[in-house]
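[1] pasting the sequence and the predicted coordinates here, then a few questions.
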Amino acid sequence: MKKIISSLFAFIVLITFAFSQEVTPAIDTLEFQVGYPNVHSTAIQQLQSYPSPRYVANNSFIRLFNWMNSRYMAGGGQKEVKEQNAIKDAMKIQEELILHWNYFLTIQNSGMATSSDSYNNPNGIFRAYIDLANKYPQIPLALTTFWMQLAPSKMGYSDKTPRILKKDYPDSFYIKDASGNVIKRILNFAAPDSIFIKDGQLQKICISNILSHLTRPINIINENGEEPPGAHHIGSISQDKDMIADKNRSGINDWNIYAANRKKNMRKLYSDQFMKMPELKNTVFTIYNVEGGPINRFDWQTSKASCSKIKGNYYSTPDFYPRTPDNWKTWKGAWHGWKWINDGRKIEIKSGDRFFSPFVAAGWAFNPERDMRPAQWLGLLKCLSVVGAEFFYAGYFNLKKPFSKPENYVWQAAMPAYAQAVSTHYSDVFFNGNVLFDAKKEPIVTFPTKEKDVLVAVRKQDTKEKYVIATTVQPSSNNEKFPLEKNIELTVAGDNIKINARRQGSVYVYDKSVEPALFFQLDRWHQYEHPERWRKEWICEAEVFDNASSEQNKLIHSVYLKSNSTIDFSLAESYIQLDQKEWTEYSFSKRDAEQLGNNLVLMIYAKCTNQIRLNTTILGSEYLISSKKTDNWEWIKFPFELKQQAELSESIRILSLTDGLLIDKIILSNSDKLPDLKNY
């Protein structure tokens, strides 16, 4: 009998195991760091190993804002990490982000400076932040403030909370019903100005303590912006007879506009106390969640004035926190996917605000297999960029112990930089363009496609027929077998076109302002795997240059198939043609070269009916390269040794010494063997 039961039990286990394997396929480990789930490298080591984002040199894009908290990224709060080591490594992470990933240097939470004496602690994080900021005066400095975390008792006052959170005011200050009974002990919109002014003065103390030790300016301050009352309280407030009377006195008929005006005034009373300091006269002030979102948001046209203008424009600050792969398209409660951005951006763009700066996070589960993976996230960020995101507030939330291992999520700091770097290659369309508009003059934030698992965004230059198209294939689970790419068809500018959409995103330039039209990809080198697994060789399409002796459309040529009904760009190839003394230049980080070693090989895929002769400047050192003339494309391979003193110019420049030189690809490797270009 025992033998029968044992056999039956084994059979049930086998069936259960088989069923679980069928309904829950294994994750693709290539989407996780090397060695996952075992830990083999720290967060800083991972960041240092990733390929550099390829920004156009001297671009004008605003830097990224690190809201991830570098102390947690350095292991702060982990049992095996000592606090002093966490602080030390947090500064290393900050240096890595500001020097190689286009981030602001960030002092995270002004609340650490309740006393100027905090700087006297040589081992404290306050001193570490200040010293790092003073070390790099050329790097713009950001500061976060948290109104609701102000600690008056640490500044010599009796209150333990900021005034906006106090519960012992007269009932008239709180949200009441029509009979005057308090239903929520949350401040209403007619609470005395003195409450908000006093809190602003407390914040001024913290910021003054920071400024007293800085030898350089603060460039941007971002307030957490979650103080009450919120837009979701408007329904309750509209029943309060005192609020009704106040609204009637204001002369504003609409409750949403009334509430937005009151909220704006509250915030201005608070922020004016410190933003009017002479030291902050050139400092930008922004607030989280000031946006045109579809529900539970204050009226955008009114509330945007709570923040400073940036470059003469108001930038909304929505949260794009889908968290899980299946939530990319819509939203669930507080976790907002693309539809939230779509609906909010329509309101903002119609208000004349082309640009925005979203807070972004791909997920913060303790188990990283629940969060979005790097490729899916990168594809979404590229689409956000095309619809106007100039920079991102990159976030991650360590809400309770045990805190997530930073080596499992540090990649989330890299993806915004990879996406923004692509944007610098279409800056003319970004800054002098907008999304398309339909026949009713409604903004087209989500460009129509028949594919349910594909997202497309399109931006057009204002004065000419030049478009940027971003598209991404979006999985709905980390555990399903899902295509990494697919060909899709769109109608852009009256043309039926076929293009390739990848999970990590594909960003294309379609330039119809010239004849024949140009079509080329800006981000072909991006991979779908975890960035620690990306190829180390530097591979660049020649047409994606940063600077040149002639205009882009004079050097680039595109080859594609065109029929009567469809233009097939899915297999399009582009190249550049240089005549004598013409040149192109590519931004290139010495950091990437050093990862390959000192003995390198430059490979150029080219052809020329004359003898191929070109002068190449790599990281400040010049080389003459020549090869036989050829009617066919061939790889020219040039070995050289990286010179350690090469620090003056982080770029590669190619100068043609003959006419009719065609170049398709450029590779920098530590081997003369061509790298595997499968899936490239």
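    Everything's here; your move.

[2] what about the helices in the stretch 251-400 of the chain?
    Secondary structure of the stretch 251-400 of the chain (DSSP state H, counting those that start in this stretch): helices at 255-275, 300-303, 338-350, 374-386.

[3] what helices or strands is the last one leaning on?
    Which is helix 374-386. Other helices and strands packing on helix 374-386, by 3 or more Cβ pairs under 8 Å, 6 or more residues apart in numbering; DSSP states H and E, are helix 338-350, helix 411-423, strand 454-461, strand 466-473. The C-beta positions use only the backbone N, C-alpha and C, and glycine is treated the same way.

[4] what's in contact with stretch 190-198?
    With contacts defined as Cβ atoms under 8 Å, 6 or more residues apart in numbering, stretch 190-198 is touched by 163-164, 166, 169, 173, 187, 242-243, 246, 262, 266-267, 269-270, 273.

[5] 10 Å instead, please
    147, 150, 152, 157, 159, 162-166, 169-170, 172-174, 187, 227-229, 237, 240, 242-243, 245-247, 249-250, 262, 265-273 (Cβ atoms under 10 Å, 6 or more residues apart in numbering).

[6] over to stretch 112-130?
    70-71, 76, 83-84, 86-88, 90-91, 94, 105-109, 131, 141, 143, 150-156, 202, 205-215.

[7] how about 7 Å then?
    Contacting residues not belonging to stretch 112-130 are listed as 71, 84, 87, 91, 107, 151, 154-155, 206, 209-210, 212-214 [Cβ atoms under 7 Å, 6 or more residues apart in numbering].

[8] now stretch 488-496
    Counting by Cβ under 7 Å, 6+ apart, 447, 449, 451, 454, 456, 458, 465, 467, 469, 471, 497-499, 501, 510, 512, 565-567 sit against stretch 488-496.

[9] I'd like the average pLDDT over that stretch.
    Stretch 488-496 carries an average pLDDT of 96.

[10] now it: buried residues?
    Ile488, Leu490, Val492 (16 or more other Cβ atoms under 10 Å).

[11] how far does that stretch stretch from start to finish?
    10 Å (Cα to Cα, to the nearest Å).

[12] do the same with stretch 54-67
    Span of stretch 54-67 from end to end, Cα to Cα: 22 Å.

[13] in TSV, list the helices and strands packed on helix 374-386 along with mean neighbour count, mean pLDDT and distance to Ala362.
    Putting the helices and strands packed on helix 374-386 into TSV (neighbours: other Cβ atoms under 10 Å; pLDDT from 0 to 100; distance: least, Cβ to Cβ, whole Å) gives the following:
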stretch	mean neighbour count	mean pLDDT	distance to Ala362
helix 338-350	22	98	13
helix 411-423	26	98	5
strand 454-461	22	98	15
strand 466-473	26	98	13
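
[14] could I get those as JSON lines with distance to Lys405?
    Formatted as JSON lines, those follow (distance: least, Cβ to Cβ, whole Å):
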{"stretch": "helix 338-350", "distance to Lys405": "28"}
{"stretch": "helix 411-423", "distance to Lys405": "12"}
{"stretch": "strand 454-461", "distance to Lys405": "30"}
{"stretch": "strand 466-473", "distance to Lys405": "27"}
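
[15] Thr286 reaches Ser316, doesn't it?
    No: using Cβ atoms under 7 Å, Thr286 makes no contact with Ser316, being 9.7 Å away.

[16] who's more crowded, the two?
    Ser316 (29 against 22; other Cβ atoms under 10 Å).

[17] closest to Glu594 among the contacts of stretch 112-130?
    Met91 (21.6 Å; Cβ to Cβ).

[18] relative to Gly76, how far out is the closest one?
    Applying Cβ to Cβ, to the nearest Å, the value for Met91 to Gly76 is 12 Å.

[19] equivalent analysis for Arg502, please.
    From Arg502 to Gly76 the distance is 36 Å (Cβ to Cβ).

[20] if we can go back for a sec, take the buried residues of stretch 488-496 and keep only those in strands.
    The strands, defined by DSSP state E, take in Ile488, Leu490, Val492 from the buried residues of stretch 488-496.

[21] tell me the domain ranges of this structure?
    63-286, 536-563+573-680 (automatic domain parsing).

[22] can I get these in JSON lines with distance to Phe298 and mean pLDDT?
    Shown next, in JSON lines, are the domains of the chain (distance: least, Cβ to Cβ, whole Å; pLDDT from 0 to 100):
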{"stretch": "domain 63-286", "distance to Phe298": "4", "mean pLDDT": "96"}
{"stretch": "domain 536-563+573-680", "distance to Phe298": "41", "mean pLDDT": "93"}
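
[23] distance to Lys350 added to the ones you listed, as CSV?
    Converted to CSV, those look like this (distance: least, Cβ to Cβ, whole Å):
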stretch, distance to Lys350
domain 63-286, 16
domain 536-563+573-680, 32
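
[24] sorry, back to before: for ChimeraX, what selects the buried ones among the contacts of stretch 190-198?
    The following ChimeraX line selects those of these that are buried, judged by 16+ other Cβ under 10 Å:
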select :147,150,152,162,163,164,165,173,174,187,227,228,229,237,240,242,243,246,247,262,266,267,269,270,271,273
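
[25] and the contacts of stretch 190-198, which of them are in helices?
    Counted as lying in helices by DSSP state H, out of those, are 237, 242-243, 245-247, 249-250, 262, 265-273.

[26] pretty sure Lys329 contacts Ile341?
    No: counting by Cβ under 7 Å, Lys329 stays clear of Ile341, with 10.9 Å between them.

[27] wait, a strand at Asn500?
    Yes: with DSSP: H, G, I helix; E, B strand; the rest coil as the criterion, Asn500 is located in a strand.

[28] contact partners for it?
    For Asn500, the contact set (Cβ under 7 Å, 6+ apart) comprises Glu485, Asn487, Ser506, Ser570.

[29] ignoring the adjacent residues along the chain, who's closest to it?
    Among residues not flanking Asn500 along the chain, Ser570 sits closest, at 4.8 Å (Cβ to Cβ, 6 or more residues apart in numbering).

[30] how about Leu655, secondary structure?
    Going by three-state DSSP: Leu655 is strand.
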